[in-house]
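1. model the following, please.
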Amino acid sequence: MRARAFFARDKVPWGVHPHDHKRPAADVATRTLPLPERLYVPLQQHIGAPARPVVMAGKKVYKGQLIAEAQGPTSAAVHAPTSGRVHAIGEITAPHPSGLAMTAIIIESDGEDEWIDSSPCRDPFALPPEEIATRIAAAGIVGLGGATFPAALKLASAHKAKIHTLILNGCECEPYLSCDDRLMRDAADEIVAGIRLMMRATGAQQALIGIEENKPEAIAAMRAATHHSPAVEVRVVPARYPMGSEKHLFSMLMGREIPADCRTTDLGALVHNVGTAHAVYQAICAGHPLVERLLTVHGAAVAHPGNLWVPIGALVSDVFAFAGLLGEPARLVMGGPMMGVQLPHMQVPVIKGTSGLLALSAEEIGSTSPSSCIRCASCVRACPVGLLPLEMAARIKAGKLTAAVDFGLKDCLACGCCTFVCPAHIPLVHYFLHAKNELAARARTELRLEATKRLAAARKERLEREAKEKAEAAARRKAERMAQKAALHRSSEEATV
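-> The predicted structure is shown next:
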């Protein structure tokens, strides 16, 4: 019997419902990518400062060994995805449309895939909350839903905020992607154990797992796994994009709207991905850091779509060579088609936040040219944040970025709903991303100017202070010389008398 949705579909006025393209990938048994000869492990796989290498070229490493340590609280450690030797620390193309370079540790595999000695916890649920967060940080776990924020920092801040609810995102609303669905089917018990550890780390009294109604197998598996955990509840939500958005999932499960300038922790809840919960279980119960992840390989150009366990640092070309290609893809995408990034080529490494790799055909991406806005307001109805995309785009085209901000540009999720429904095929999200980048560049320029002004003012103040101190010192020396001369003159007069 299919589970009843927590909210009816007609009560979700926002978003869109694109064809999900989840199958056949979601129903194919999980596979493991054969170990590549080389792995390119980037130092920047997370929000915050890049990790700092602690190994050198030529060093022997084991699977799970720390190879780059976190720099500061907003950073994440990086571990060796396999055993072998560090070939070099060099540059690799970043998973970004720009094709710019990023620093990576290049490991030559020895084929043994030998783990470093680990120390799994015998009684993980007896650990104090601080120790759980410390172990999660040491394992280099970041949010696996795509945001890649360091998980330990997020849990620690939630503990300080005294949250009462932990929300687990199992929606996976992006078309094509099914790695979370497959993970919930295959490892439901481990996910629930990770959830309970995260509850202990944050002090949350309950956990709500939101799963879209188009994943009945995952819903059944997770409900069976939570049968003996009354504080953990599975709630079914409508299959609507972008249901996986943190604020929208919170509103759907908690029945409260989040103000524009607030976070979920301000209202007593923390949102994490089910994949992150599984990584927490692996780190604390098995002693394994985050060195691999489950990702979806899909698209009309893929011969054998499915979900693969892939070591961090494997090249996209390695993944597609294993899955097979039916021809030259018209577009390569890392992530989902709505919010993923277009890749310049296949010589790009898989990172911790890689939820999927899509090889799309020309028919899938379409080639319709944009035309003039017909003022149909379809984008307004679809916007999950309640913005006016057509008004923002018009002001951005006119160069009035401040006016676009007044219309809510900073609240835009860049989810792509407006672009998806636009009958004129206007690339609205591109306008919004361009405007956000331009505003960010202006803000950085202003900060640099302010910093320059502060430095100039400080230099002027220093020079004036030094000049004053020199003048005072000169005056003191002159006064001392005059006093000495006067003393000598008096001594001379006294001697004469």
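
2. show me where the stretch 1-150 of the chain has strands.
-> Here the stretch 1-150 of the chain has its strands, by DSSP state E, counting those that start in this stretch, at 31-32, 38-42, 52-53, 60-61, 66-69, 78-79, 84-93, 101-109.

3. I'd like to know how many residues surround residue 414.
-> For residue 414, the count of nearby residues is 15 (other CB atoms under 10 Å). Just so you know, the C-beta spots here come from the backbone N, C-alpha and C atoms, and that holds for glycine as well.

4. contacts only, for residue 297.
-> 25, 305, 306, 307, 308, 319, 320, 323, 356, 357, 358, 359 (CB atoms under 8 Å, 6 or more residues apart in numbering).

5. quick check, residue 265 in contact with residue 165.
-> No - the pair residue 265 / residue 165 is not scored as a contact, 10.3 Å apart, by CB atoms under 8 Å.

6. returning to what we had before: least confident of the contacts of residue 297?
-> Checking pLDDT across those, the minimum falls on residue 25 at 93.

7. quick one: end-to-end length of stretch 136-145, please.
-> 16 Å (CA to CA, to the nearest Å).

8. and if you look at stretch 260-276?
-> 26 Å.

9. mind listing what's buried along that stretch?
-> Buried positions in stretch 260-276, judged by neighbour count with 16 or more other CB atoms under 10 Å: 263-265, 267-276.

10. do stretch 227-239 as well
-> For stretch 227-239, the neighbour count (16+ other CB under 10 Å) marks 232, 234, 235, 236, 237, 238, 239 as buried.

11. would you check how far apart the fourth one and residue 303 are?
-> As for residue 236, its distance to residue 303 is 34 Å (criterion: CB to CB, to the nearest Å).

12. where does pLDDT dip in this structure?
-> 1-11, 367, 497 (pLDDT under 70).

13. how is it divided into domains?
-> 9-109+128-307, 308-365, 370-497 (automatic domain parsing).

14. thinking again about what came up before, of all the strands of the stretch 1-150 of the chain, which one is nearest residue 476?
-> strand 52-53 (49.6 Å; CB to CB).

15. tell me the strands beside the closest one, with direction?
-> Next to strand 52-53 in the sheet, as set by DSSP bridges, lie strand 66-69 (antiparallel).

16. residues making contact with the strand it pairs with?
-> Residues outside strand 66-69 that contact it (CB under 8 Å, 6+ apart) are 41, 43, 51-55, 61, 77-80, 86, 105, 107, 289.

17. emit the ChimeraX select command for whichever of those residues are buried.
-> Of these, the buried ones go into a single ChimeraX selection, burial set by 16+ other CB under 10 Å:
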select :41,43,51,53,55,61,77,78,79,80,86,105,107,289
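
18. contact partners for the nearest residue to residue 76 once chain neighbours are set aside?
-> With CB to CB, 6 or more residues apart in numbering as the criterion, residue 76 has its nearest non-adjacent residue at 4.2 Å, and that residue is residue 46. Going by CB under 8 Å, 6+ apart, residue 46 touches 75, 76, 142, 148, 149, 150, 352, 353.

19. any chance you could map the strands in the stretch 301-450 of the chain?
-> Ranges of strands in the stretch 301-450 of the chain, per DSSP E, counting those that start in this stretch, are 306-311, 331-334, 341-342, 356-360.

20. to residue 172, which of those lies closest?
-> Nearest to residue 172 among these is strand 356-360 (9.8 Å), distances taken as CB to CB.

21. so what does that closest one touch, helix or strand wise?
-> Here strand 356-360 touches strand 292-298, helix 316-323, strand 331-334, going by 3 or more CB pairs under 8 Å, 6 or more residues apart in numbering; DSSP states H and E.
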